[in-house]
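> Next input, structure requested:
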Amino acid sequence: MGIIEITLGLLLAVALVGAIGKWLPVPLPLLQVAAGIALSFVPAFGSLSVPPEVFFLLFIPPLLFADAWVIPKRDLIGVLRPVLLLAVGLVLLTVLAVGYLLHWLLPELPLAAAFALGAVVSPTDAVAVNAVTRRLKVPARATMILDGESLINDASGLIAFKFAIAAVATGVFSWRQAAVEFFVLSGGGFLLGLAIAWAIGRLRAHLARFCIDDPTIQTVISILTPYAAYLAAEALGLGTILAVVAAGLYAGIDDTRNLDTPTRTHAWEVWTMLTYAFNGLVFVLLGVQLHSVIAGIPHASAFGLALLAFAVAAVVIVARILWVFPAAYLPLWLSPSIREREGPRDPRDVFLVGWAGIRGSVTLAAALSIPLLTASGASFPFRGLIILLAASVIVITLLVNALTLPWVIRWLGIRGDSIAEREERAARLATAQAAASAIRQQLAGLSDPAERAYAQGLIDEYERRVQHHSANAERRRRIDALHEVERRLRLAALRAERDELMQLRETDIINDEVLRTIQSDLDHAESLVAGSGRSPR
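Sure, this is the predicted structure:
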């Protein structure tokens, strides 16, 4: 079986497992790992080996870029202090704790290699956390801290990982040099990423001015942006990870402001599909690799490996719990201005942040990117063991933290604060009022009775939205019930249109081109109606 057939098989596994995951109350990453383990017993997949440098370059840039692209920038700035305490302070603590523990338990493992494992398991995974919390109501601040941490600690953890790998490969390491390089190279990489994203944004704007605003072309350029930032930073010897993160942050702001509706919609759909497939591939590959990694570790008992895996996972989980409480409360105790501005902390929310430290795709991507050889040409020491332990931490945090997180939320009585819902309702109210006001201004210039009647109908529609979003909760529920009836009627009418359209095609009254044209209009109309299920748009 060739690489094309293997790739198609992996993508098919991602799709099938995704479909199964819709019916099972199990985190999707766990199902994907299980599917990968099952595939590993197929000879063609069991012998699958992805070159480390290819794995890192293929998966890391788009996944980091996508996370940075969609993260709410204002909310991220609002929780930047706790995010940095987790993404930098906790990452450093995890690297040291895991490194020294593993070196103590396994003295023949070089300390730098043990630090490499600590760096690999330090980043959390937003996709895995969201897969659990999206069905539950979680306070907005806690959600934003987890999302922001998973973005920035990807960068800090992978930078630490690169330093540790370099130390193993060359046999030379200096804390002072590492600190200088961390700030200089990372800062340079961040600025370079901003510059790359700015230049690409200007390129896309110029293309649009010259009428080259095809959504497909624009989206292809968007997909190439993280790779451009990564490769440019690598060529200049700067921080590749922060270059990608900076490019994603800038692109997220620039695209929201400057892209037209068709391009923005198309890019969102393509990126959603791409990140879903890449995240799924990473977890399936984790399961595929586990079989060969375990088989490739010589003279190791299953019991001993299990003890090592649980010890590392326990340190990762406990270190996080021990870190989050002082990180949450010390700034309040030390700074009256922070205490006055942010108010008290609910210890239940703090524990939720501590318990939600689930590892995922970035951890595995980093582990599988460990080079096969050092600078001297010798095999990288304990590479298989490091990959196995990293994979074990992913699986254990998925089993322990992810599976119990809904129960922990219910047991602690954690409730959502509805901040996002209130902001959305206020925005919909303001935009509806602005629209109604704009149409009233145009109404005075209309003389045709039909035109005035149509404009008045639009004003009435926007007024209904204003009434809905300004009403109290009970009245909103009644309006929503009425709107749901309207939505069902519109969908029924659209289905009748589709049935009649297909009947016309089957009787050769219209051809395929006409079918596709009208079908596209119906698709657009249905997406507007179906998307308005929560509240009037």
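
> how close does Phe45 sit to Ala13?
Counting by Cβ to Cβ, to the nearest Å, the gap from Phe45 to Ala13 is 9 Å. Any C-beta I mention is one placed from the backbone N, CA and C, and that applies to glycine too.

> same check, this time on Ala311
From Ala311 across to Ala13, the span is 31 Å (Cβ to Cβ).

> So between these two, which is more surrounded?
Using other Cβ atoms under 10 Å as the criterion, Ala311 and Ala13 rank with Ala13 on top: 22 against 16.

> I would like the residues contacting the helix or strand that one falls within, please.
Element membership of Ala13, judged by DSSP states H and E, is helix 3-21. For helix 3-21, contacts defined as Cβ atoms under 8 Å, 6 or more residues apart in numbering pick out 1, 28, 31-32, 35-36, 39, 44-45, 48, 276-277, 280-281, 284-285.

> Can you tell me which of these are buried?
With burial judged by 16 or more other Cβ atoms under 10 Å, the buried subset of these is 28, 31-32, 35-36, 39, 45, 48, 276-277, 280-281, 284-285.

> just to revisit the earlier point, list the residues that contact both of Phe45 and Ala13?
Leu39.

> thinking again about what came up before, which strands and helices sit next to the helix or strand just after the helix holding Ala13?
Later in the chain than helix 3-21, the nearest helix or strand by DSSP H and E is helix 28-39. Other helices and strands packing on helix 28-39, by 3 or more Cβ pairs under 8 Å, 6 or more residues apart in numbering; DSSP states H and E, are helix 3-21, helix 126-133, helix 261-295, helix 383-397.

> Against which helices or strands is the next helix or strand after helix 28-39 packed?
Counting by DSSP H and E, the element after helix 28-39 in chain order, helix or strand, is helix 43-46. Helices and strands touching helix 43-46, as assessed by 3+ Cβ pairs under 8 Å, 6+ apart, comprise helix 3-21, helix 261-295.

> And the helix or strand just after helix 43-46, what does it pack against?
Toward the C-terminus, helix 43-46 is succeeded by helix 52-70 as the next helix or strand (DSSP H and E). In terms of contacts (3+ Cβ pairs under 8 Å, 6+ apart), helix 52-70 is packed against helix 140-170, helix 215-236, helix 240-258, helix 261-295, helix 361-368.

> So which bits of the helix or strand just after helix 52-70 are buried?
Once helix 52-70 ends, the next helix or strand along the chain (criterion: DSSP H and E) is helix 73-78. The neighbour-count check on helix 73-78 (16+ other Cβ under 10 Å) flags 75-76, 78 as buried.

> quick one: which of the residues you listed is nearest Glu506?
Asp75 (51.4 Å; Cβ to Cβ).

> What about the closest residue to that closest one other than its chain neighbours, how many residues nearby?
Nearest non-adjacent residue to Asp75, counting by Cβ to Cβ, 6 or more residues apart in numbering: Met144, 4.6 Å away. Met144: 21 surrounding residues under other Cβ under 10 Å.

> pLDDT on stretch 193-210, on average?
When pLDDT is averaged along stretch 193-210, the result is 90.

> can you pull the buried residues of it?
Buried residues in stretch 193-210, defined by neighbour count with 16+ other Cβ under 10 Å: 193-197, 200-201, 204, 208.

> Helices - which of those land there?
Those of the buried residues of stretch 193-210 mapping onto helices are 193-197, 200-201, 204, 208, per DSSP state H.

> Distance-wise, check the residue nearest the centre of the chain relative to Ala420.
Central residue of the chain (Cα atoms, centre = their mean): Asp67, 4.4 Å from the mean position. As judged by Cβ to Cβ, Asp67 and Ala420 stand 18 Å apart.

> State the distance from the nearest residue to Trp198 once chain neighbours are set aside to Asp147.
Nearest residue to Trp198, sequence neighbours excluded (Cβ to Cβ, 6+ apart): Tyr250, at 6.4 Å. Applying Cβ to Cβ, the value for Tyr250 to Asp147 is 18 Å.

> Likewise for Arg505?
Distance, Arg505 to Asp147, by Cβ to Cβ: 46 Å.

> ditto for Ala195
For Ala195, the distance to Asp147 equals 25 Å [Cβ to Cβ].

> go on, Glu486?
With distances taken as Cβ to Cβ, Glu486 is found 35 Å from Asp147.

> What of Gln433?
In terms of Cβ to Cβ, Gln433 sits 31 Å off from Asp147.

> and what of Leu290?
Taken as Cβ to Cβ, the span from Leu290 to Asp147 is 28 Å.

> Compare these two and say which one has the larger neighbour count.
Taking neighbours as other Cβ under 10 Å, Leu290 and Asp147 compare with Asp147 leading, 22 against 19.

> hmm, back to that, now, which of the buried residues of helix 73-78 sits nearest Arg464?
Comparing these against Arg464 with Cβ to Cβ picks out Asp75 as the nearest, at 30.5 Å.

> which residues in the stretch 301-450 of the chain form strands?
Counting by DSSP state E, counting those that start in this stretch, no segments of the stretch 301-450 of the chain form strands.

> for it, what spans make up the helices?
302-334, 336-342, 347-355, 361-368, 383-397, 403-412, 419-443, 449-470 (DSSP state H, counting those that start in this stretch).

> and the last one, which residues are buried?
In other words, helix 449-470. In helix 449-470, counting by 16+ other Cβ under 10 Å, buried: 455, 458-459, 462, 465-466, 468-469.

> orientation of it relative to helix 419-443 in degrees?
Angle, helix 449-470 to helix 419-443, by axes from the mean of the first three to the mean of the last three Cα atoms, to 10 degrees: 160 degrees.

> Helix 449-470 - contacts with which helices or strands?
helix 419-443, helix 473-506.

> now these in a markdown table, with mean neighbour count, distance to Leu242 and mean pLDDT?
As requested, these are exported to a markdown table (neighbours: other Cβ atoms under 10 Å; distance: least, Cβ to Cβ, whole Å; pLDDT from 0 to 100):
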| stretch | mean neighbour count | distance to Leu242 | mean pLDDT |
| --- | --- | --- | --- |
| helix 419-443 | 14 | 28 | 86 |
| helix 473-506 | 13 | 44 | 85 |
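
> do you know which of those lies nearest Val138?
Nearest of those (Cβ to Cβ): helix 419-443, 10.7 Å.

> returning to that earlier point: let me see the contact set for the residue nearest to the centre of the chain.
126, 147, 150-151, 154, 248.

> Pro381 too?
109-110, 113, 168, 374.

> For ChimeraX, what selects the buried ones among these?
In ChimeraX, this line selects whichever of these come out buried by 16+ other Cβ under 10 Å:
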select :109,110,113,168
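
> on that earlier part again, closest to Val91 out of the buried residues of helix 449-470?
Using Cβ to Cβ, the buried residues of helix 449-470 come closest to Val91 at His469, 42.0 Å.

> so how far is stretch 86-102 off the chain centroid?
Chain-centre distance of stretch 86-102: 23 Å, with Cα atoms, centre = their mean, to the nearest Å.

> hang on, the earlier thing: tabulate the helices and strands packed on helix 52-70 in TSV, adding columns for mean pLDDT and distance to Pro336.
Below are these laid out as TSV (pLDDT from 0 to 100; distance: least, Cβ to Cβ, whole Å):
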stretch	mean pLDDT	distance to Pro336
helix 140-170	81	20
helix 215-236	92	41
helix 240-258	89	32
helix 261-295	84	42
helix 361-368	79	38
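
> Just name the most buried of those helices.
Neighbour counts (mean count of other Cβ atoms under 10 Å) averaged over each of the helices and strands packed on helix 52-70 peak at helix 361-368, with a mean of 28.
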